[in-house]
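# prediction below, plus the sequence it came from.
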Amino acid sequence: MIKQFEQLDISGDVGLKVWGQGLEELFVNAAMGMSELITDVSSVPESESREVHVVAESNEDLLVIWLNELVFLFDSYNYIGKNYSVSITNKKLKAVISGGIFDPLKNENRLLIKAATYHELSLGRTNTHWEATVIFDI
């Protein structure tokens, strides 16, 4: 079992190093890592699910657009995911997100993430797994 993700402290921003056995698992772990940067998701009720569809030119674009779609859901609806089911085929991502509404009076405020960026973005396959680095504007 490889690690799912770890936080990277970057001057003025924050990042994640993410791992997964497959590309889908890496995208799930990136989403979980970003959610944990925002709040302790264990305290958020799992009350609704959302479906997300993303299309991109490359896996790197797909990762950034996917994470920014989750930022949009949080910024617009206070919706944060707890569990993710992701499938990727030909640079098309389909995800079902199970989560709930973040309540700043009940849930811990950690970081306000503005966007996933292309700064120092990397995503690739090693001999045994996939790994990525993504930096967020905060």
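Structure received. Nothing here was measured: the structure is a model prediction, and the numbers come from that model.

# identify the residue nearest the geometric centre of the protein.
residue 31 (2.1 Å; CA atoms, centre = their mean).

# and residue 27, what does it touch?
20, 62-63, 66, 84, 86, 88, 93, 95 (CB atoms under 8 Å, 6 or more residues apart in numbering). Heads up, the C-betas are built off the backbone N, CA and C, glycines and all.

# what ranges do the helices span in the protein?
23-38, 59-77 (DSSP state H).

# comparing those helices, which comes out most buried?
The highest average neighbour count among the helices of the chain, using mean count of other CB atoms under 10 Å, belongs to helix 23-38 at a mean of 22.

# tilt between it and helix 59-77?
If you take axes from the mean of the first three to the mean of the last three CA atoms, to 10 degrees, helix 23-38 sits at 40 degrees to helix 59-77.

# isn't residue 44 up against residue 97?
No. Look at residue 44 against residue 97 with CB atoms under 8 Å: they stay out of range, at 12.0 Å.

# what angle sits between the lowest-mean-pLDDT helix or strand in the chain and helix 23-38?
Of all helical and strand segments in the chain, the minimum by mean pLDDT, DSSP states H and E falls on strand 5-10, at a mean of 93. Comparing the axes of strand 5-10 and helix 23-38 via the same axes, to 10 degrees yields an angle of 60 degrees.
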